[in-house]
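Participant: Provided below for reference: sequence and predicted model.
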Amino acid sequence: MTKTPFDSLNRLLEASVQQFGPNPSLSWVEGEPLTYSDLWVRVNAFAYRLKQDGIAPGDRVAILSHNMPGWGIAQFAILRAGAVIVPMLPDFTSTEISNILSHSATKAAVVSEGLAPKLQSEEVAFKGLIYSTEVLDQAGNDIPESQYGEFPEVKATDLAAIIYTSGTTGKSKGVMLTHKNIATNVWQGNAIHPVVAQDRFLSLLPLSHTLENTLSLILPLSAGASVYYLRKPPTPAVLLPALQKVKPTTILAVPLIIEKIYRNKVKPTFAGKPVIGYLYRRPVFRRFFHRLAGKSLMRTFGGQVRFFGIGGAKLNEDVELFLKEANFPYAIGYGLTECAPLLAGKVVGKGSFQSTGIAVPGVELKIHQPDPKTGEGEIWAKGPNIMQGYYQEPELTAEVFSEDGWFKTGDLGVFNKAGDLMIRGRSKSMIVGASGENIYPEEIESVINTFRYVVESVVIEQKGKLVALVHFNREALEEKYQHLKEEVTDYMEHKVEELKRELHHYVNSRVNKFSRIHIVQNHPSPFQKTATQKIKRFLYGKEMV
C-alpha cells in the first residue's frame, strides 16, 4: 500500500479543518493557539491577497522567517494560491539569498521582522512584493469568503516547493518537490509512528528544512495535532520552561541536541564521582544508572514525550546506548531533502542498535555494487516521495538518477542480518587507505567525540595520513581551572596540548589499524554547519597542519 489519502497538500489541510475545526493547531508557547478553523480563515485570506497582488499559479514565493505560526499560514496560503514555496534558512548569507531569489525567479517573499534587513541589503535589493510573517500571525480576517472567488485547482504532480540545500558538499541546489512527493512522505512518516489529535509537537528545528517542515508541521496538521513555537532560540533558559508548559508528546531533534545533554548533564553525574564511576563501568550498574537518568530526562522534557525523533546525522554510539538502556522513547530516521525527506526509520523500542531501521512503506532501498566482503556500498532509493530533480539543473539531475530511475543518495551503507539499514557515511567523505581499505571519517569522529572536553571533530586526509581537527570545550576547561587566575591562559594552552596527546592514544586504541589518526590538531572555533547541524566538510579538507 503506497497511496496517500491526499492528492495535494491543499486537500490535506482542508480535510483536517473539516474534521478538527475547534482543535488547537499552531501556537506560540506563550500564547493562545489558533484553532484549525482560525488557521483556515487566515490561510484563505492571505491566499486571496496573493491572488489580488498578481501571484499566479506556478509563481515562486519565498519564505525567510524564524519559526512561528505565521510560517504555516504563509506556506499553506502560497500553496492555496497555486504558487510554489521557496523556503530559505534564516542563517543564509546575503549572497546565498540573492542567488536563490535570482535562480528561482521569486516574485514575492514572506519575511519575519528580524530577517527583513537581509532582503533590503544592498547586495540583495529584492524588488518583489514583501509580506510580514508577524502580520499573518496576528491578523484576523475582515474579507467575506464570498469575495475570494475560485482558487486554482492544484494537482498531485504540481510543484509545491523548491528547497535550496546548503549541504555538507558545497554548491546549493534547488530540490523540486511536488504536492505528491510531500503528501506521500507525510503518510509514510505517519505509518512509522501514528500521530493522533491529542499530540503536542514542540518545534525546535528550522521550518525551512524539510525534516521539520514535513514531519513537524504538515504531519501533525494532517492528524489534528498541535504545534508550539518558541519566540527565542532554544537555550536552556528558554527551552526548559517551555517543555514544562507545553508537555510535548513529540519532538524532532538532530543528534547534537541530545548529545549535548548526555555529555553535559548525564555523563558527568556518573564519571565525575569515584565510587559511582567505578560501578558505572560495570554493565549491570550502568543500566541501573541509565534508567534513573532516563526518568529524570523524561521529567525534564515535560513527562509526556512518547516520540523523540532523531535525524539529520549519525547518533553517537554511547548516546544511543544511554537512550536505549534508559527506556527513553527515541527513534531514528534517515533521509534527504531530495526524498521529502524520509527514506527509512527505526521506531520506538524496535530496530537494531546504531541502525536507521527499515525503509518506510512505498520506498525501495538497495545497496549498489556492494563490497563482496563487507556488503557495503552506495544506498539507492526508489519511491513516490523522491524529487522531480534539481531546478534548472538537468545535468546535476541526471548525475543522481540511474537510467532505470533509482536515486543515488551519495550515502554509504549496508543491511545487517535483521534487514536494518546501517549508515556508514557520505561517499564523498570516504577515505581510501593505502591498501585500498574504506575508511569512514564519521566513525572515527564518533569515537573522538566521546573523549572528555571534545565538542566536535572532523577527520580529513593529508598526504596519505589521517588528521583529526578537534574543537575542545575551552570554556569548561577555563571554568575548571579558574583558580589559576592570571596563569589560566598559559595553562590552557598546556592543557590542550596534553589533551591532544591523550586523545591521540584514546582514539587509536579504539579503532582498527587502518583508521588510526596520525595527528590531532586543535581547531579553536566551532565548525560551520548545515541546518541539521552536520559539519560542512568541504570547508575543511585543506586545513593546514
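Facilitator: Thanks, I have the structure now. Residues are numbered from 1 along each chain as shown.

Participant: now do the same for Val284: its pLDDT.
Facilitator: Per-residue confidence (pLDDT) for Val284: 94.

Participant: hang on, it in a strand?
Facilitator: No - Val284: not assigned to a strand; according to DSSP: H, G, I helix; E, B strand; the rest coil it is helix.

Participant: I'd say Tyr506 and Phe451 touch.
Facilitator: Yes - counting by Cβ atoms under 8 Å, Phe451 is a contact partner of Tyr506 at 5.4 Å. C-betas here are computed from N, CA, C, even on glycine.

Participant: quick one: least confident helix or strand in this protein?
Facilitator: Lowest on mean pLDDT, DSSP states H and E among the helices and strands of the chain sits helix 474-480, with a mean of 75.

Participant: and it, what does it pack onto?
Facilitator: Counting contacts by 3 or more Cβ pairs under 8 Å, 6 or more residues apart in numbering; DSSP states H and E, helix 474-480 is packed against helix 488-508.

Participant: who's in contact with stretch 307-319?
Facilitator: Defining contact as Cβ atoms under 8 Å, 6 or more residues apart in numbering, one finds that stretch 307-319 is touched by 193, 205, 211, 215, 249-256, 258-259, 262, 267, 301, 328-335, 341, 348, 354, 423, 425, 442, 446, 449-450, 532-534.

Participant: go through those and flag which are in strands.
Facilitator: Thr250, Ile251, Leu252, Ala253, Tyr330, Ala331, Ile332, Gly333, Tyr334, Gly335, Ile423, Gly425 (DSSP state E).

Participant: same list (the residues you listed) but as TSV, adding pLDDT.
Facilitator: Listed next are the ones in strands among the contacts of stretch 307-319 as TSV, based on pLDDT from 0 to 100:
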residue	pLDDT
Thr250	98
Ile251	97
Leu252	96
Ala253	93
Tyr330	97
Ala331	96
Ile332	96
Gly333	95
Tyr334	95
Gly335	94
Ile423	93
Gly425	84
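
Participant: what is the neighbour count of Glu150?
Facilitator: 6 (other Cβ atoms under 10 Å).

Participant: what's it sitting at in phi/psi?
Facilitator: Main-chain dihedrals, Glu150, degrees, to the nearest 10: phi -90, psi 140.

Participant: tell me the pLDDT at it?
Facilitator: 89.

Participant: distance of it from Asp137?
Facilitator: In this view, Glu150 and Asp137 are 27 Å apart by Cβ to Cβ, to the nearest Å.

Participant: also Ala340?
Facilitator: Between Ala340 and Asp137 the distance is 26 Å, computed by Cβ to Cβ.

Participant: so for the two, which sits in the more crowded spot?
Facilitator: Ala340 (34 against 22).

Participant: not counting its neighbours along the chain, what's nearest that one?
Facilitator: The shortest distance from Ala340 to any non-neighbouring residue, by Cβ to Cβ, 6 or more residues apart in numbering, is to Asn185 (4.0 Å).

Participant: ok, Leu12 next?
Facilitator: Per Cβ to Cβ, 6+ apart, closest to Leu12 is Phe6, 4.2 Å.

Participant: tell me who's in contact with the one you found.
Facilitator: So Phe6 contacts Leu12, Ala15, Ala183, Val186, Trp187, Ser222 (Cβ under 8 Å, 6+ apart).

Participant: quick check, nearest of these to Glu393?
Facilitator: Ala183 (24.3 Å; Cβ to Cβ).

Participant: between the contacts of Phe6, which is nearest Tyr131?
Facilitator: Leu12 (23.0 Å).

Participant: does the closest one touch Val186 like I think?
Facilitator: Yes - under the criterion of Cβ under 8 Å, Leu12 makes contact with Val186 at 7.1 Å.

Participant: more neighbours: which of the two?
Facilitator: More neighbours surround Val186 than the other of Leu12 and Val186, with 27 against 24 (other Cβ under 10 Å).

Participant: picking up where we left off before, who's in contact with the least confident helix or strand of the chain?
Facilitator: Tyr453, Val488, Met492, Lys495, Val496, Pro524.

Participant: just give me the closest of those residues to Ala160.
Facilitator: For those, the nearest to Ala160 is Pro524 (42.6 Å; Cβ to Cβ).

Participant: from Arg537, how far off is the closest one?
Facilitator: Pro524 is 18 Å from Arg537, by Cβ to Cβ.

Participant: the two: which is more packed in?
Facilitator: It is Arg537, of Pro524 and Arg537, that has more neighbours when counted by other Cβ under 10 Å, with 21 against 8.

Participant: isn't that one right next to Val458, touching?
Facilitator: Yes - applying Cβ under 8 Å, one finds Arg537 in contact with Val458, separated by 6.4 Å.

Participant: what touches both of the two?
Facilitator: With Cβ under 8 Å, 6+ apart, Arg537 and Val458 have common neighbours Pro441.

Participant: before we move on, back to that, just the closest of the ones in strands among the contacts of stretch 307-319 to Glu96, please.
Facilitator: Gly335 (22.8 Å).

Participant: list phi and psi for the closest residue to that closest one other than its chain neighbours.
Facilitator: Nearest in space to Gly335, with sequence neighbours left out and distances taken as Cβ to Cβ, 6+ apart, is Pro341 at 3.7 Å. Backbone torsions for Pro341, taken as degrees, to the nearest 10, come to phi -120, psi -10.

Participant: and Pro341, how many neighbours?
Facilitator: Pro341 is flanked by 28 other residues according to other Cβ under 10 Å.

Participant: can you pull the contacts of it?
Facilitator: Pro341 touches Asn185, Thr210, Leu211, Thr214, Gly311, Gly335, counting by Cβ under 8 Å, 6+ apart.

Participant: most neighbours, which of the residues you listed?
Facilitator: That'd be Asn185 among the contacts of Pro341, by other Cβ under 10 Å, with 30 neighbours.

Participant: what residues of the host helix or strand of it count as buried?
Facilitator: Using DSSP states H and E, Asn185 falls within helix 179-192. Neighbour counts over helix 179-192 (16 or more other Cβ atoms under 10 Å) mark 179-190, 192 as buried.

Participant: dump the residues you listed to JSON lines, plus distance to Ile130 and pLDDT.
Facilitator: Shown next, in JSON lines, are these (distance: Cβ to Cβ, whole Å; pLDDT from 0 to 100):
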{"residue": "His179", "distance to Ile130": "26", "pLDDT": "97"}
{"residue": "Lys180", "distance to Ile130": "30", "pLDDT": "96"}
{"residue": "Asn181", "distance to Ile130": "28", "pLDDT": "97"}
{"residue": "Ile182", "distance to Ile130": "25", "pLDDT": "98"}
{"residue": "Ala183", "distance to Ile130": "29", "pLDDT": "97"}
{"residue": "Thr184", "distance to Ile130": "33", "pLDDT": "96"}
{"residue": "Asn185", "distance to Ile130": "30", "pLDDT": "97"}
{"residue": "Val186", "distance to Ile130": "30", "pLDDT": "97"}
{"residue": "Trp187", "distance to Ile130": "34", "pLDDT": "95"}
{"residue": "Gln188", "distance to Ile130": "35", "pLDDT": "96"}
{"residue": "Gly189", "distance to Ile130": "33", "pLDDT": "95"}
{"residue": "Asn190", "distance to Ile130": "35", "pLDDT": "95"}
{"residue": "Ile192", "distance to Ile130": "38", "pLDDT": "90"}
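
Participant: sorry, back to before: what's the closest of the contacts of helix 474-480 to Pro22?
Facilitator: When the contacts of helix 474-480 are compared for distance to Pro22 (Cβ to Cβ), Tyr453 wins out at 52.0 Å.
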